[in-house]
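[1] can you look at this prediction? I've put the sequence above it.
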Amino acid sequence: MNLKHFKPVHWVYNLLHYKQLLHNRKAYKKYNLHKPLFASISSKDFPDRESRAWLDTGDSAVLAPQKEGFQQFSPQIQQKILQWSNNGYMVLENHFSPADCDAVMHEIETLMKKGILQFKWGNKLMFANKRSALIRKITQDAAISKLLNFLLDKEMVPFQTINFIAGSGQRAHSDSVHMTTYPLGYLLAIWIALEDVHPDSGPLFYYPGSHKLPYLLNNDWNTNSSFLSLGKHDYPDYEDMIEELLQKNQYKREELIAKKGDVLIWHANLVHGGTPIKNPALTRKSMVVHYYASDVIKYHEITERPSLM
Ligand SMILES: O=C(O)CCC(=O)C(=O)O
């Protein structure tokens, strides 16, 4: 058996990082999950699989203007919030300055040179936010935090950053199989263009409206997990299933040809990925930040592990 699929290995790892699991303690109580914090956890532990995020319960075009705090946003941002329920994403043009973007890239290159940051899963540079005050500051940008907090009506906290030098080439997926909340819907992500995106560099893509698809969880594609081991299916089986679902529902793919400093914000269940890179000589410098709501259960459905914060 692949050791990564053997849950007791996760339990030992979790116990060794117990402090980083304490964020879940209050939420386990609130949502009646009677399990040790280090134990495996999945959607099978919960009674429902509906988002409870307020803007998922109706139309943001109707709900948002009635909410306290809506008026604090500029008319342009207000328009984007009104479209949130329809689209499941918004783009903030020119949000970060060129100097901010260059500072992030310089920091990433320095961390790489020092061997502190290394590529994982192909071309991902994970968790630079845990290694750099400068990157943490970017993840805590005041205007973005205000907007994210409003979109979910909760305090949103940065969980992880992923930096890319080149495009990800990652197939379509929803983040909610990787970073999951109970109740569902309490994750948001941002993607920052750290340089102008060339159409041949493997731009990010997404399917507007796809956040309204049912959340695809382990029970849908990887059913045979047991007390001791994860299910036998592999991640490509999940990706095949998402693709089938997109085709069946005839969603249209859009590509983000962003300018340096632009920010994409997306919904917990928006299906997205990276287009294949047409010209491997091109870079596509970018940074993703995933944010969880602070007071919900946070875990990784795909590996049935609680998140370490
Ligand atoms: O940047 C990309 O190409 C994709 C990133 C992504 O899918 C993610 O971080 O969830």
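    Sure thing, it's come through.
[2] and whichever residue of the stretch 151-300 of the chain sits closest to the ligand, how many neighbours?
    Of all residues in the stretch 151-300 of the chain, residue 274 sits closest to the ligand, at 2.7 Å by CB to the nearest ligand atom. Any C-beta I mention is one placed from the backbone N, CA and C, and that applies to glycine too. The tally of other residues near residue 274 (other CB atoms under 10 Å) stands at 22.
[3] okay, and the beta partners of the closest residue to the ligand within the stretch 1-150 of the chain?
    At 7.9 Å from the ligand, residue 124 is the closest residue in the stretch 1-150 of the chain, using CB to the nearest ligand atom. Note on residue 124: beta-bridge partners by DSSP bridges are residue 120.
[4] pretty sure it is touching residue 161, no?
    No - the pair residue 124 / residue 161 is not scored as a contact, 10.1 Å apart, by CB atoms under 8 Å.
[5] higher neighbour count, those two?
    Set residue 124 next to residue 161 and count neighbours by other CB under 10 Å: residue 161 wins out with 25 against 16.
[6] report how many residues lie close to the closest residue in space to residue 51 that isn't next to it in sequence.
    Distances taken as CB to CB, 6 or more residues apart in numbering place residue 185 nearest to residue 51, at 3.0 Å, with adjacent residues excluded. Summarising burial for residue 185: neighbours were counted as other CB under 10 Å, giving 24.
[7] please export the C-alpha coordinates of the helix or strand of the chain with the lowest mean pLDDT as PDB.
    Ranking every helix and strand in the chain by mean pLDDT, DSSP states H and E puts helix 218-221 at the bottom, with a mean of 89. What follows is helix 218-221, C-alpha atoms only, in PDB (Å, rounded to 0.1, in the frame of the first residue of the first chain):
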ATOM      1  CA  ASN A 218     -14.800  12.000  -2.000                       C
ATOM      2  CA  ASN A 219     -18.100  10.200  -1.900                       C
ATOM      3  CA  ASP A 220     -18.700  11.100  -5.600                       C
ATOM      4  CA  TRP A 221     -15.400   9.800  -7.000                       C
END
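[8] what's the offset of it from the middle of its chain?
    Here helix 218-221 is found 19 Å from its chain centre; the criterion is CA atoms, centre = their mean, to the nearest Å.
[9] quick one: mean pLDDT for the following helix or strand past it?
    Using DSSP states H and E, the helix or strand that directly follows helix 218-221 along the chain is helix 235-249. Averaging pLDDT along helix 235-249 gives 95.
[10] show me what helix 235-249 is packed up against.
    Counting contacts by 3 or more CB pairs under 8 Å, 6 or more residues apart in numbering; DSSP states H and E, helix 235-249 packs against helix 218-221.
[11] which other helices and strands contact the helix it packs on?
    helix 235-249.
[12] list the buried ones in the helix it packs on?
    For helix 235-249, a neighbour-count test (16 or more other CB atoms under 10 Å) marks 238, 239, 242, 245, 246 as buried.
[13] can you check stretch 185-199 too?
    So stretch 185-199, judged by 16+ other CB under 10 Å, has buried residues 185-195, 197-198.
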